[in-house]
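Student: fold the following for me, if possible:
(2 chains)
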Protein chains: 2
Amino acid sequence: MNAEIISVGTELLLGNILNTNAQYLSQELAALGITVQRQSTIGDNQGRLADFVNEAKQRCDLLVFTGGLGPTADDLTKETVAACFGDSLTFDEVEWEKIVSYFTRSGRQVTPNNRKQAMVPVRGHKILNDHGTAPGAWFEQEGHCAVLMPGVPYEMKAMWTEKVRPLLLARQNCTLHSLTLRVLGGESDLEYRVGKLLENANPTAAIYCKTGECEIRITARAKTDTEAEKMCRDYATKFYDLLGDAVYDEDVTGLEETLVHTLKAKGLTLATAESCTGGMIAQRITNVSGASEVFGYGYVTYWEQAKTRMVGVDPAVIAKYNVVSAPVAAQMALGAAAAAGADIGISVTGLAGPGGGNACRPVGTVYLGAARDGTVYVKKLFVSRPGRALVRARAAQMALELALRLAQDKVPAGTLPLAEAAQRDPAALDALDAAFLAE
Amino acid sequence: MNAEIISVGTELLLGNILNTNAQYLSQELAALGITVQRQSTIGDNQGRLADFVNEAKQRCDLLVFTGGLGPTADDLTKETVAACFGDSLTFDEVEWEKIVSYFTRSGRQVTPNNRKQAMVPVRGHKILNDHGTAPGAWFEQEGHCAVLMPGVPYEMKAMWTEKVRPLLLARQNCTLHSLTLRVLGGESDLEYRVGKLLENANPTAAIYCKTGECEIRITARAKTDTEAEKMCRDYATKFYDLLGDAVYDEDVTGLEETLVHTLKAKGLTLATAESCTGGMIAQRITNVSGASEVFGYGYVTYWEQAKTRMVGVDPAVIAKYNVVSAPVAAQMALGAAAAAGADIGISVTGLAGPGGGNACRPVGTVYLGAARDGTVYVKKLFVSRPGRALVRARAAQMALELALRLAQDKVPAGTLPLAEAAQRDPAALDALDAAFLAE
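Tutor: Okay, here's the model as predicted:
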């Protein structure tokens, strides 16, 4: 089965809004085993839309429309597609009552315009919208189908998930299960390692990249839920075998969620001391609902004296080694944990740029610390691609990774340890500093 | 002149990446007075692409392509479009040398595949790519034009701005100037107030909405730069007349940038005390290059005891009024400024949800404080639309707005003042608390 996605709306052609619907539907259709051959955006123009639908209908089995179901004169998708599919529309009392009651509840007046939204297919059928006023529509002619959904992303996604996807699955007489692996590391390396697993018809597997990590989405089609779930699980095992603990979790929104859950499960607390990330790590952690069980204190120590006053960094250590250095990162992490009375302390000090770099510490140089149980583990990160936002995002991601490994009772990879007792010992700090500068 | 935008790439049809190029180019073409009639995404399939180009060429004057200029076998845009425009390609020594030198510099080997990228139009012309290896191409036949740019957004945008836009302007014998107003407030209210100004042929004006603010982009076409600039300025005046100081700045990336610049100009410093925003405000401020001149200390006081220990909130005040209350917000802002020795202190305490609300303080209730010169101004925000991320984002935006107004020596709208000297006075705190609860 092949399909085309058609987004209707002049506001898209003017660039007033970003089209995220097409990407969402492409992923969803791919998961159903339906090949998307084209995505198109057409304006609110009846003639041009009709021409397009007549062409597209010849090219493929399924046309998936979003947008143009509103009450105004330029919302024409339903009328136009109906005509192209040899169908017509009729007034639906049930839909009209829903619209009137929706308006009444929100204290507004219905206008005659709104009657348009209560028009539904005669030969095809309406698709219930439980999240807005505009019902969707399904048209069918000579084996070609058209499905019409609203353009507002959250209404469209709800209608897709609750009504349209089940309908397509029923037609294919199958069910679907998905599983998302979250993997630390960059795209090119990952694609190289798992490349062959991405070329599979069922389950399918696709990589989506984020800053410092990737998402691998596995989707299986089968006759039963149980079977589809088992196929996903079996296929996931192949990725675990190749990637080991680079796969840090499943079906979470990001590293911060796994970190908060892990800390909670272990009964641990965390504190942060941030310089160049400036609150980004704390912000990510507190974005997780329930973060207050594991996180109470965040120190944004942007100035040198803030590092001293808030988390006890020795000014002489800053003067001797530079504020962007392993000894300072070590004292910040230990100091954050101590000041907050937390089990784990993490720290970041770096040069996000654009100004301020030199040959020894170019822009993009970041030192990170993670302290637990009397030891701090220090890591150096260098982000060569320019961009203040990127340096900060990569540093925050790395800090969360260090915290997760400590919470998992692991020694974080690529770090050097310093005993808490040695954090004011000049020889130990010299050795730590030298080890990183020699890299 | 009318145009179509064509994005080439199977990865787009699979939904692996979000198409941001089409929106960018739609905005840019609209600013040039060129009507975009359709956006399409086509896979890396020569037959289907050729069919598409032959159709589209009949429909419009200009075809704008992105993607498919890479070195691999499935990068076919250049060959395909050349054939459809009655043109052919020839090997370009200069481009080839650039590619070889690029690879050598980055320590990689050129492969025979890469020769494809050095192929340029015979009758049309190449478009230099100063930010990557793939040159663009321009084809022309019987008044119809096609321009081919890379798919990587930053390469595409650079080629558009530096080469393609000037070329289109030269053909239209005109120049372009843009100005972006940043406006506090929501979309529907704003559209209502300035609606008529958005329906204008030249200058054009368009609204783009963000959380808690909007961007109004004004673009004028004229024979000379000076004339276009003056047209923009004159048109901007009409918006200022309608919107007053809701227009907080021009051509900045966000409120945090204006705040940092204003603080710097006035020689003021700022400190933050954040509870439900959890570092988001500090993160936004420190995202501005040069923030270290005005911002040194950020307190993420997620726990009640952190509010007491870090910024001196009285535990009895928390116990009496609730941690989400006007008195607590007032003490947090004053305490942050005092602890940091900053001129201005801002604070946020609220319920981001999803859990934790009650009838008196539903989820979405936020109190904010902004202190300067012995007075703290307190404001209450209620975000009725659910969503933890939205409550936090709206609260952070509002806090930055309060700080900006104080930095501008203004009393922030919708706030109640409390004298610093009265911050431990039970009667004054009772009155403040009661004033907000009565709302």
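Student: quick one, what contacts the residue of the stretch 301-439 of chain A found nearest chain B?
Tutor: Proximity of the stretch 301-439 of chain A to chain B (CB to the nearest CB) peaks at A:Trp303, 3.4 Å away. C-betas here are computed from N, CA, C, even on glycine. Counting by CB atoms under 8 Å, 6 or more residues apart in numbering or on different chains, A:Trp303 makes contact with B:Ser292, B:Gly296, B:Tyr297.
Student: any of those residues buried? List them.
Tutor: B:Ser292, B:Gly296, B:Tyr297 (16 or more other CB atoms under 10 Å in any protein chain shown).
Student: in strands, which of those residues fall?
Tutor: B:Gly296, B:Tyr297 (DSSP state E).
Student: which of the buried ones among the contacts of A:Trp303 lies closest to chain A?
Tutor: Nearest member of the buried ones among the contacts of A:Trp303 to chain A, counting by CB to the nearest CB, is B:Gly296, at 3.4 Å.
Student: chain B contacts on the stretch 201-350 of chain A?
Tutor: Residues of the stretch 201-350 of chain A found near chain B (CB under 8 Å from any CB of the partner chain) are A:206-208, A:272, A:274, A:276-283, A:285-287, A:289, A:291-292, A:295-303, A:305-306, A:309-310, A:340.
Student: out of those, which are buried?
Tutor: Buried by 16+ other CB under 10 Å: A:206-208, A:272, A:274, A:276-283, A:285-287, A:291-292, A:295-303, A:305-306, A:309-310, A:340, out of those.
Student: for the stretch 301-439 of chain A, which segments count as helices?
Tutor: For the stretch 301-439 of chain A, applying DSSP state H, counting those that start in this stretch gives helices covering A:304-311, A:315-321, A:326-340, A:388-407, A:426-437.
Student: got it, and the stretch 51-200 of chain A?
Tutor: A:77-84, A:93-105, A:153-159, A:165-172, A:187-194.
Student: which positions in the longest one come out as buried?
Tutor: When you say that, I think you mean helix A:93-105. Buried residues in helix A:93-105, counted by 16+ other CB under 10 Å: A:Glu95, A:Trp96, A:Lys98, A:Ile99.
Student: what of the last one?
Tutor: Residues of helix A:187-194 classed as buried under the neighbour-count rule (16+ other CB under 10 Å) are A:Leu190, A:Val194.
Student: tell me the first helix or strand C-terminal of that helix.
Tutor: Scanning forward in sequence from helix A:187-194 by DSSP states H and E, the next helix or strand is strand A:204-210.
Student: so for that next one, mean pLDDT?
Tutor: Strand A:204-210 shows a mean pLDDT of 85.
Student: burial check on the residue nearest to A:Gly345 when sequence neighbours are not counted, number of neighbours?
Tutor: With CB to CB, 6 or more residues apart in numbering or on different chains as the criterion, A:Gly345 has its nearest non-adjacent residue at 3.0 Å, and that residue is A:Ala337. Here the number of neighbours of A:Ala337 (other CB atoms under 10 Å in any protein chain shown) works out to 29.
Student: mind listing what the closest residue to A:Gly33 other than its chain neighbours touches?
Tutor: Leaving aside its chain neighbours, A:Gly33 sits nearest to A:Arg221 (5.9 Å; criterion: CB to CB, 6+ apart). Contacts here follow CB under 8 Å, 6+ apart; on that basis A:Arg221 touches A:Leu32, A:Gly33, A:Gln172, A:Cys174, A:Thr175, A:Leu176, A:Asn202, A:Pro203, A:Ala228.
Student: for PyMOL, write a command that selects the buried ones of those residues.
Tutor: Remark: buried members of the contacts of A:Arg221, expressed as a PyMOL selection using 16+ other CB under 10 Å:
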select buried, chain A and resi 32+33+174+175+176+203+228
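Student: which single one of the contacts of A:Arg221 is nearest to B:Gly353?
Tutor: A:Leu176 (30.7 Å; CB to CB).
Student: wait, that closest one sits on A:Leu32?
Tutor: Yes - counting by CB atoms under 8 Å, A:Leu176 does reach A:Leu32; the two are 6.7 Å apart.
Student: pull the contacting residues for the residue nearest to A:Gly345.
Tutor: A:Ala337 neighbours (CB under 8 Å, 6+ apart): A:Ala271, A:Asp343, A:Ile344, A:Gly345, A:Ala371, A:Arg372.
Student: now for the fifth one, how many residues are close by?
Tutor: Think A:Ala371. 32.
Student: ok, back up a step: of the buried ones among the contacts of A:Trp303, list those near chain A.
Tutor: Okay, of these touching chain A (CB under 8 Å from any CB), that's B:Ser292, B:Gly296, B:Tyr297.
Student: could you dump the residues you listed to TSV with distance to A:Tyr367?
Tutor: Shown next, in TSV, are those (distance: CB to CB, whole Å):
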residue	distance to A:Tyr367
B:Ser292	17
B:Gly296	19
B:Tyr297	20
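Student: looks like A:Pro203 contacts A:Ile218 (just checking).
Tutor: Yes - A:Pro203 lies in contact with A:Ile218 (CB under 8 Å); the separation is 5.1 Å.
Student: so what sits against both of the two?
Tutor: A:Cys232, A:Tyr235.
Student: from A:Asn21, how far out is the residue positioned nearest the centre of chain A?
Tutor: By CA atoms, centre = their mean, the mean C-alpha position of chain A lies nearest to A:Thr253, the distance being 6.1 Å. Distance of A:Thr253 to A:Asn21, given as CB to CB, to the nearest Å: 20 Å.
Student: next: A:Val260.
Tutor: Distance from A:Val260 to A:Asn21, by CB to CB: 31 Å.
Student: with A:Gly43 instead?
Tutor: In terms of CB to CB, A:Gly43 sits 16 Å off from A:Asn21.
Student: which one of those two has more residues nearby?
Tutor: Set A:Gly43 next to A:Asn21 and count neighbours by other CB under 10 Å: A:Asn21 wins out with 26 against 20.
Student: run through the bridge partners of the nearest residue to the more buried one once chain neighbours are set aside.
Tutor: Spatial nearest neighbour of A:Asn21, chain neighbours left out: A:Thr66 (4.7 Å); criterion: CB to CB, 6+ apart. A:Thr66 has these beta-bridge partners by DSSP bridges: A:Ser7, A:Met149.
Student: now do A:Lys379
Tutor: Bridge pairing for A:Lys379 - DSSP bridges - gives A:Leu368.
Student: check contacts around it.
Tutor: A:Lys379 touches A:Tyr367, A:Leu368, A:Gly369, A:Ala370, A:Met398, A:Leu402, A:Pro412, A:Gly414, A:Thr415, A:Leu416, counting by CB under 8 Å, 6+ apart.
Student: at 7 Å what do you get?
Tutor: Shown in contact with A:Lys379 (CB atoms under 7 Å, 6 or more residues apart in numbering or on different chains): A:Leu368, A:Met398, A:Leu402, A:Pro412, A:Gly414, A:Thr415.
Student: one more: A:Val36?
Tutor: Counting by CB under 7 Å, 6+ apart, A:Val36 has contacts A:Ala3, A:Glu4, A:Ile5, A:Ser26, A:Leu29, A:Ala30, B:Leu13.
Student: just A:Gly296 next, same as before
Tutor: Residues counted as contacts of A:Gly296 (CB under 7 Å, 6+ apart) are A:Thr269, A:Ala340, B:Tyr302, B:Trp303, B:Ala306.
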